[in-house]
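Student: Structure here, sequence nowhere to be found:
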């Protein structure tokens, strides 16, 4: 959940990565959120080379959020996020506010020996309670 | 002919939300009789404005008065941007009679205060190939 708590529209540049580059991330590169509003984003994480056998492994990743001010008077394009269209475009970086880095961990468990059926990779949240005020919902796919 | 004159100490100003900026408005009664005047503010939330002498003013003939006007946009719901504030002084007249009215313009810039929060959940994802 990204919440613009200021009094000016903001652009957010989003970037996800893991040091070993074992994961693929699917998320919007830029999101515009008007002043006082919030946006729930959903992005996908998948292993680049899913293993069919082996031990479970955990991969640390980072989500970097870089806020910026839209340049007044410039044309902006729109991107569709969460069913809504928000403005994006040229920007002025806000070094005072960011970037903000959030760390996460993706755990992958290959199927047990003899398991042949293919299907989606499912995930369930860890034992951490989910925040009531929203989330960036991550969905893992095969 | 009744007339009045308005002059502002400055015509532009910048303020951050929750901070304040004060300007002076001088009102001069150019008439040869006593007049009462009402102040109105256009282009801005009236809750952002405080006038040290209130919104009503009485002036003797040829007399002038200086009013302190404070603009204080609140921390919340004060969108950044330029507000063209019209400060209107109108003569209080009996109903039905045309009132003398003059407007001074003040450009108030509410400065941007960017702020945001982010929450990602779950932080830990468990994936398993399954059917």
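Tutor: Cool, got the structure. Remember, predicted model here, so these are calculated numbers, not experimental data.
Student: quick one: the longest strand that chain A contains near chain B?
Tutor: Longest strand in chain A by number of residues (criterion: DSSP state E): strand A:57-70. Yes: contact of strand A:57-70 with chain B (C-beta under 8 Å from any C-beta of the partner chain) involves A:63, A:65, A:67, A:69. Any C-beta I mention is one placed from the backbone N, CA and C, and that applies to glycine too.
Student: Redo those residues as JSON lines? Include neighbour count and pLDDT.
Tutor: Shown next, in JSON lines, are the residues of strand A:57-70 next to chain B (neighbours: other C-beta atoms under 10 Å in any protein chain shown; pLDDT from 0 to 100):
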{"residue": "A:63", "neighbour count": "23", "pLDDT": "92"}
{"residue": "A:65", "neighbour count": "21", "pLDDT": "91"}
{"residue": "A:67", "neighbour count": "25", "pLDDT": "90"}
{"residue": "A:69", "neighbour count": "19", "pLDDT": "84"}
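Student: For the longest strand of chain A, which strands pair with it and how are they oriented?
Tutor: As defined by DSSP bridges, the strand partners of strand A:57-70 come to strand A:10-17 (antiparallel), strand A:91-93 (antiparallel), strand A:100-109 (antiparallel).
Student: And those strands, which one averages the lowest pLDDT?
Tutor: With a mean of 71, strand A:91-93 has the lowest mean pLDDT of the strands paired with strand A:57-70.
Student: Run through who's touching that strand.
Tutor: By C-beta atoms under 8 Å, 6 or more residues apart in numbering or on different chains, the list of residues contacting strand A:91-93 from outside reads A:11, A:13, A:66, A:68-71.
Student: Give me every residue in chain B lying close to chain A.
Tutor: B:17, B:77-80, B:110, B:112-131.
Student: List the buried residues for stretch B:66-77?
Tutor: By 16 or more other C-beta atoms under 10 Å in any protein chain shown, the buried positions in stretch B:66-77 come out as B:67, B:69, B:71-73.
Student: Can you list the low-confidence ranges for chain A?
Tutor: Along chain A, the model assigns pLDDT under 70 to residues A:52, A:71-90, A:111-142.
Student: Quick check on the closest residue to residue B:72 other than its chain neighbours: phi, psi?
Tutor: Leaving aside its sequence neighbours, residue B:72 sits nearest to residue B:20 (C-beta to C-beta, 6 or more residues apart in numbering or on different chains; 3.9 Å). Per-residue torsions, residue B:20: phi -140, psi 160 (degrees, to the nearest 10).
Student: what sits against residue B:20?
Tutor: Residue B:20 neighbours (C-beta under 8 Å, 6+ apart): B:70-72.
Student: now with 10 Å?
Tutor: Residues near residue B:20 by C-beta atoms under 10 Å, 6 or more residues apart in numbering or on different chains: B:48, B:50, B:70-73.
Student: Worst mean pLDDT across the helices and strands of chain B, which element?
Tutor: Lowest on mean pLDDT, DSSP states H and E among the helices and strands of chain B sits strand B:124-129, with a mean of 67.
Student: Could you list the paired strands of the one helix or strand residue B:107 maps to along with their orientation?
Tutor: Element membership of residue B:107, judged by DSSP states H and E, is strand B:101-110. Using DSSP bridges, strand B:101-110 pairs in its sheet with strand B:12-15 (parallel), strand B:81-91 (antiparallel).
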